[in-house]
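K.L.:
Need coordinates for the following:
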Amino acid sequence: MTSSSDWVLHPLRVRYQETDRMGVVFHGNYLTWFEIGRTEWIRRAGYTYKNVEERGLLLPVVDLQCKYISPARYDDTLLICTRVLEASPLRVSFQSEVRRVEEELYHANCLSSEAILPGELLVSGGTKHVWVNEQWQPVRLDKNMPELYDLLKS
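P.N.:
Residues are numbered from 1 along each chain as shown. Predicted coordinates:
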């Protein structure tokens with residue numbers, strides 16, 4: 001089980017269709033990779049988005065930040081690194097990094113509580129979310145799924 005301060009590291013190899021004519025990853029793909037990281041963080045915590053949604057909770061993005069430092073290219077081996085930055089009963093923020101790593105680290109699919117992550121930082125950023133119900137009204141996670149709220153706050 002993960003704690004909110006742990007980074008979840010998820011491996012990803014850049015596919016040809018994710019690159020543009022310049023031979024680098026199209027910028028919009030990083031946002032998808034941030035979502036993959038969030039999904040894998042929740043899964044590593046013992047839940048799935050499907051389980052959360054079945055409980056009537058949705059988690060729309062309300063803010064997104066993305067800083068491009070260096071491009072990823074076709075067939076690069078990457079780690080999508082994700083952790084919870086802040087959590088309250090109504091909101092949660094995730095920090096994300098995309099890092100290029102050597103082949104042996106590509107298979108790391110693990111947790112890291114280390115401050116320094118492996119590989120070369122390519123993109124940093126994060127997303128902020130608000131907990132809402134199926135009518136898109138704000139809800140308190142501590143009242144609707146207290147066990148998940150406790151995990152996010154740990």
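K.L.:
helices or strands up against the helix or strand hosting Val8?
P.N.:
Assigned by DSSP states H and E, Val8 belongs to strand 7-13. Applying 3 or more C-beta pairs under 8 Å, 6 or more residues apart in numbering; DSSP states H and E, one finds that strand 7-13 makes contact with helix 28-44, strand 77-87, strand 111-112. (Each C-beta comes from the backbone N, C-alpha and C, glycine too.)
K.L.:
quick one, which of these is nearest to Leu9?
P.N.:
Proximity to Leu9, assessed across the helices and strands packed on strand 7-13 by C-beta to C-beta, is greatest for strand 77-87 (4.8 Å).
K.L.:
Please name every helix or strand in contact with that closest one.
P.N.:
When contacts are defined as 3+ C-beta pairs under 8 Å, 6+ apart, strand 77-87 sits against strand 7-13, helix 28-44, strand 91-100, helix 103-106, helix 146-153.
K.L.:
mean pLDDT for these: which is lowest?
P.N.:
Out of the helices and strands packed on strand 77-87, helix 103-106 stands lowest, with a mean of 72 (criterion: mean pLDDT).
K.L.:
Residues in contact with it: which ones?
P.N.:
11, 13, 77-79, 118-119 (C-beta atoms under 8 Å, 6 or more residues apart in numbering).
K.L.:
Restricted to buried residues, select these in PyMOL.
P.N.:
Here is the PyMOL selection string for the buried members of these, based on 16 or more other C-beta atoms under 10 Å:
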select buried, resi 77+78+79+118+119
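K.L.:
and the two most separated of the contacts of helix 103-106?
P.N.:
For the contacts of helix 103-106, with distances taken as C-beta to C-beta, the pair at the greatest spread is Arg13 and Pro118 (15.8 Å).
K.L.:
Great, nothing more from me.
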